[in-house]
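Participant: mind looking at a prediction? Sequence and model below.
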Amino acid sequence: MSFSVAEVHFLHNHRQDIAEVGANLSFRKADAIKDAGIVRAAFGSMGRAVIELLQARQSGKLPTDWLMDHDSAQQATPLPVVARRAQRIEQFRPGALVHDVTCSIGTEATGFSRYIGSDLDKSRVLMAHYNVGVPVCVADALQSPVSADVVIADPARRAGGRRIVSPDQLLPPLPKLLELPGELAVKCAPGLDFSQWHGLVSVVSVAGGVKEACLYTPGLAGAERREAVVITDRGVDVVTDLEPGAEQLADVAGRYVIDPDGAIVRAGLVRQFAVREGLWMLDERIAYLTGDRIPAGYSGFEIEEIVPLKKLKAALQARDCGSVEILVRGVDADPDEVRRKLKLRGRRPMAAVLTRIGSQGVALVCQARQHANES
C-alpha cells in the first residue's frame with residue numbers, strides 16, 4: 001500500500017526512532033503480531049506506515065536507510081542494473097543530462113551525475129527527494145517539464161490485471177515515448193515482442209534472475225541489436241548478436257549439460273554463447289547446451305546417464321539419490337509433481353534435466369550443480 005505525503009514526511013522525520021525500533025523486531029512470520037504491536041505502541045496511527053517501511057527494507061535490494069513502500073521496493077531496478085545502464089549512457093552520451101520520467105523512489109539517480117526525476121505519484125517523488133537529494137518533480141511522463149539529452153522510462157507492464165505483450169500497449173505506449181526529445185532508454189518486461197524494435201534490446205539478469213529488457217534508441221547503441229548482460233558476484237559477462245552464432249548440434253552429449261543464464265535465453269543468444277564457449281546444443285529448438293567444461297562464471301551439471309523419462313525414478317534410486325534439482329524444458333512436466341512421484345529416500349544430492357532430444361523425451365541424470373571453479 002502506498003504512503004500518503006504526510007506519512008512520507010513522518011517516516012523521514014523519525015528515521016532514527018524507526019531504526020531503533022526496527023532493530024528489536026524479528027520479522028519472522030510467527031512474530032508478525034508481536035512485531036506489529038511493538039511498532040504501533042511506539043508510533044500510534046503511523047504504525048502501519050512504519051511496519052510497511054521496515055518490511056520493505058528487508059528485501060535487501062536498496063540501501064537500508066531509504067524510504068520505500070512494499071510495491072516501490074519490489075518494482076525498483078537493482079542497483080547493479082542501474083550502474084550498467086549508466087555505463088552505457090555515459091559511453092555514448094558523455095556528461096548527458098538524464099531525465100527519468102518515471103522516477104519512483106529514485107533508484108536510477110544513483111547512476112548519474114546530471115539527473116532529473118519526475119513521476120505522477122506525489123509520495124514517491126517525495127521519497128525520491130529524501131533518498132537521493134536530486135531535482136525531482138510531479139509530472140506526466142509524456143509532458144516533460146525539461147529538455148534532456150537522455151530520457152529513461154519504466155512504463156506500466158500490466159493493464160486490467162493482464163501482462164502487456166507488445167511495446168505499443170505499454171502505459172505510456174512506446175510510440176508516444178519516442179516522441180520525447182533526446183535518446184531513449186525504456187525498461188520493459190523481458191517477455192515482450194521486440195521484433196519491430198530497431199535499436200538495442202539489452203536483457204539483464206542479476207544472480208540468475210532476469211530483471212528487465214531495456215530498449216535503447218540507436219544513439220545509445222553500437223552495431224549490436226541484441227545483448228545479454230549477466231551480472232553475478234563473480235563479475236559481468238556480456239553476450240551480443242555481433243558474436244558468431246552458428247548452429248552446433250551434438251551427436252552425443254558432452255561431459256556436462258549447461259542451462260544458459262535466463263538473460264542469454266531471453267535475448268535469443270544461446271547459439272552465440274555456445275560458439276564462444278565451445279559448447280553444443282542438444283536440440284536445435286531447446287536452450288540446453290552440452291560440452292566438456294563449464295564456462296567460467298557459470299554453473300552446470302556433470303552427466304552420469306541419459307534415460308527415457310519413465311526410467312528416471314529407477315536411475316536415481318540406483319544412485320542413492322535423496323534430493324534432486326529438476327530442470328525442465330521442451331517436455332510437459334511439473335518439477336514439483338515429478339519430485340513428489342520420485343519418493344526419494346537416499347542420501348546423495350543430484351540433478352535431473354528433463355528435456356527432448358529430437359522427438360524423444362529424455363532425462364539427463366546428473367551430479368549436483370557445480371560452478372566452474374568447482375569443476
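Facilitator: Right, received. Where do you want to start?

Participant: assign a three-state SS to residue 345, would you?
Facilitator: For residue 345, the secondary structure call by DSSP: H, G, I helix; E, B strand; the rest coil comes out as coil.

Participant: my guess is it meets residue 323, correct?
Facilitator: No. Contact between residue 345 and residue 323 fails when scored by Cβ atoms under 8 Å: they sit 10.3 Å apart. For glycine as for every other residue, the C-beta is placed from the backbone atoms N, C-alpha and C.

Participant: between these two, which is the more surrounded one?
Facilitator: Set residue 345 next to residue 323 and count neighbours by other Cβ atoms under 10 Å: residue 323 wins out with 15 against 9.

Participant: show me what the helix or strand harbouring residue 228 is in contact with.
Facilitator: Per DSSP states H and E, residue 228 falls inside strand 226-232. Residues outside strand 226-232 that contact it (Cβ atoms under 8 Å, 6 or more residues apart in numbering): 80-81, 84, 200-208, 236-241, 261, 263-264, 266-269, 273, 297.

Participant: can you list the residues that contact stretch 90-101?
Facilitator: 89, 108-109, 112-119, 139, 141-142, 144, 146, 148-153, 180, 182-183, 219-221.

Participant: what's the end-to-end length of that stretch?
Facilitator: 18 Å (Cα to Cα, to the nearest Å).

Participant: quick check: buried residues in that stretch?
Facilitator: 90, 92-93, 96-101 (16 or more other Cβ atoms under 10 Å).

Participant: kindly report the same for stretch 57-73.
Facilitator: So stretch 57-73, judged by 16+ other Cβ under 10 Å, has buried residues 57, 61-62, 66-69, 72-73.

Participant: distance from the chain centre to it, please.
Facilitator: Stretch 57-73 sits 16 Å away from the centroid of its parent chain (Cα atoms, centre = their mean, to the nearest Å).

Participant: remind me which helix or strand residue 214 belongs to.
Facilitator: Counting by DSSP H and E, the element that carries residue 214 is strand 209-216.

Participant: please apply the same query to residue 125.
Facilitator: helix 122-132.

Participant: looking at this structure, which helix or strand is least sure?
Facilitator: Counting by mean pLDDT, DSSP states H and E, the chain has its least confident helix or strand at strand 158-159, which shows a mean of 74.

Participant: at the geometric centre of this protein, which residue do we find?
Facilitator: residue 211 (1.8 Å; Cα atoms, centre = their mean).
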